[in-house]
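**Q** next input, structure requested:
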Amino acid sequence: MPVVRRQSLTGYRLSLHGDFQRVYAASSKRRSNLMSWFVARQASPARGPRVGLTVGKVIGKAHERNRIKRRLREALRRHVDLLPQGYDLILHPHRSVLSVEFAKLDAEILRILRQANAEAARSATTAVAHDLSAGPAS
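**A** Modelled structure (predicted):
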């Protein structure tokens with residue numbers, strides 16, 4: 001039986017407060033059934049895609065917040081290759097993530113990642129079109 005290598009989120013974590021603040025300032029809040037999310041272009045895209053999780057105290061006690069984060073990390077780990085290149089993504093889950101079936105959570109994460117990739121492609125196309133319309137640099 002082949003050995004399945006587990007992909008880790010270790011190199012894909014958004015951890016600095018300033019990075020979270022930059023993403024919040026550079027993007028608008030998007031909502032889905034289970035969470036709100038933010039996506040913004042990185043200041044230096046050489047780092048690769050990153051994802052951050054924010055689970056506030058309003059969600060519940062520490063053990064509930066930790067369980068939500070563990071569930072989200074596992075769903076993200078399965079789809080780490082779909083994180084938009086050169087972008088930072090922040091997920092802000094609702095309390096319902098605690099009780100939803102994992103398959104539904106996984107499908108929601110997949111849908112959010114696809115939307116984030118579509119937005120990244122759209123913004124890259126807009127940036128290229130803007131550069132072309134500016135004309136040659138003298």
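**Q** okay but Gln85 is in contact with Arg50, surely?
**A** No. Contact criterion Cβ atoms under 8 Å: Gln85 and Arg50 do not qualify, at 10.7 Å. No exception for glycine: its C-beta is placed from N, CA and C like everyone else's.
**Q** those two - which one has more neighbours?
**A** Set side by side, Gln85 and Arg50 show more neighbours around Arg50, with 20 against 11, by other Cβ atoms under 10 Å.
**Q** need the longest helix for the chain.
**A** For the chain, the longest helix by residue count, based on DSSP state H, is helix 102-134.
**Q** now do the buried residues in that helix.
**A** 105-106, 108-109, 112-113, 116-117, 119-120, 123 (16 or more other Cβ atoms under 10 Å).
**Q** which residues touch the residue most central in space within the chain?
**A** In the chain, the centroid-proximal residue (Cα atoms, centre = their mean) is Leu89; its distance is 2.9 Å. By Cβ atoms under 8 Å, 6 or more residues apart in numbering, the contact list for Leu89 reads 14, 23, 37-39, 49-52, 83, 112-113, 116.
**Q** ok, now Asp19?
**A** Per Cβ under 8 Å, 6+ apart, neighbours of Asp19: 50, 52, 88.
**Q** in the chain, what helix or strand scores lowest on average pLDDT?
**A** Of all helical and strand segments in the chain, the minimum by mean pLDDT, DSSP states H and E falls on helix 102-134, at a mean of 82.
**Q** run through the neighbouring helices and strands of that one.
**A** Packing partners of helix 102-134 (3 or more Cβ pairs under 8 Å, 6 or more residues apart in numbering; DSSP states H and E): strand 35-41, helix 62-78, strand 87-93.
**Q** now do the closest residue to Leu72 other than its chain neighbours against His92, distance only.
**A** The spatially closest residue to Leu72, leaving aside those adjacent along the chain, is Leu53, at 5.6 Å (Cβ to Cβ, 6 or more residues apart in numbering). Using Cβ to Cβ, to the nearest Å, one gets 8 Å for the distance from Leu53 to His92.
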